[in-house]
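K.L.:
build me a model:
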Amino acid sequence: MRSKLAAVSVGLGVFLIVAAALVRFYAYPVLATVPPDYEGVTELEADGAEVLDYGSITSSGPIISETHDLEITSNTVADSGAKAPDDVAVWVNSTTVYREDGSKFQQSRERAPFDAVSGAAVECDECESWTEVAEGEREPVVRQGQIYKFPFDTKKKDYPVWDNSVGEAVDAKFEGEEKVDGLSVYKFVQRIESTMVDTQELPGDKFGSTQPSVDAEMWYGMTRTFYVEPKTGSPVNRVEDRVQELRYDGVTVPVFVGTVQYTDAQVDELVDDAKSNATLLGGMKLLFPALLVLLGAALVAGGLFLGRAARRGRDGAAHRDQELAGV
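P.N.:
You can find the predicted model right below:
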């Protein structure tokens, strides 16, 4: 009986050790990747933002800005049918900005390929990476740095993050650990100094000039703070202090000056998701494999002990039989 138990114990122990390796080196990598069918909606807000009144560009009088409480909806969907290499995700994002009365202030769309594990942009001609500069008019874009998320198993280091306005990746510097609704997160801050990013030909009288038209400069600056759950690489909050202005001959007109951040309800939802996903990923990477190895090793050791005990029992019985036979 002991020999049968020993064989079962050793066999089960070996199975658990193999299972530990499968969990760590197969199941974990499968989970630690962006799902091919991802679809999500993110709600943001910007209270008291100064934004350009685009109607004042075409109407009589000076160009002016208005103050609004903005609601921002960002829809992101994975293009599972994209002609992309393995381990490359292609997401299409549509962001719409609404005034407090529900009227649409601004809308933008983009399509971006990125590594499904690291979250970093990849060059992929067949993925059709673009930004929509006007309705139905798309401009190809080659992006760099992190796009929508940070890597799975984010490290305490600086990461370059893509910024559409300056058309390049700018480092988001690691600035420590914090808590968001009880969840431990890494804080990264990306600072973009005020930079001229474009010029626009506008009527001169909009800036008090006697010239028929002038080239007004578009200036842009940003301080963007990410609060990232490190196991998943997912931001659970993002705060953007944005300063975008038109400037000409000493006249400055705000185009978008304000703070954009996730709504409280959105933060709560993202924190809940991150907690459950981080627990699962952390378990798959370390805890579950370690427990399986320990249990498997204990079963193997127990099986070997039972096997030796069974052999001793058989040897003892054989010795007694020899003694009886010799009497």
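K.L.:
run the chain-centre distance for the longest strand along the chain.
P.N.:
Counting by DSSP state E, the longest strand found in the chain is strand 183-203. Remark: strand 183-203 is offset 19 Å from the chain centroid, using C-alpha atoms, centre = their mean, to the nearest Å.
K.L.:
got the buried residues for it?
P.N.:
For strand 183-203, the neighbour count (16 or more other C-beta atoms under 10 Å) marks 183, 185, 186, 187, 188, 189, 190, 192, 197, 202, 203 as buried. C-beta here means a position set from N, CA and C on the backbone, and glycine is covered the same way.
K.L.:
which strands and helices sit next to that strand?
P.N.:
Here strand 183-203 touches strand 159-163, strand 168-180, strand 213-229, strand 234-248, helix 264-282, going by 3 or more C-beta pairs under 8 Å, 6 or more residues apart in numbering; DSSP states H and E.
K.L.:
can you redo these as TSV with mean pLDDT and distance to residue 44?
P.N.:
Output for the helices and strands packed on strand 183-203, formatted as TSV (pLDDT from 0 to 100; distance: least, C-beta to C-beta, whole Å):
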stretch	mean pLDDT	distance to residue 44
strand 159-163	98	17
strand 168-180	97	16
strand 213-229	96	12
strand 234-248	96	8
helix 264-282	89	7
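K.L.:
kindly reformat those as a markdown table containing mean neighbour count and distance to residue 45.
P.N.:
Listed next are the helices and strands packed on strand 183-203 as a markdown table, based on neighbours: other C-beta atoms under 10 Å; distance: least, C-beta to C-beta, whole Å:
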| stretch | mean neighbour count | distance to residue 45 |
| --- | --- | --- |
| strand 159-163 | 20 | 21 |
| strand 168-180 | 15 | 17 |
| strand 213-229 | 19 | 15 |
| strand 234-248 | 19 | 11 |
| helix 264-282 | 16 | 9 |
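K.L.:
nearest approach to residue 103 belongs to which of the ones you listed?
P.N.:
strand 234-248 (19.9 Å; C-beta to C-beta).
K.L.:
residue boundaries of the strands in the stretch 1-150 of the chain?
P.N.:
Here the stretch 1-150 of the chain has its strands, by DSSP state E, counting those that start in this stretch, at 39-52, 65-78, 88-98, 104-115, 130-134, 137-140.
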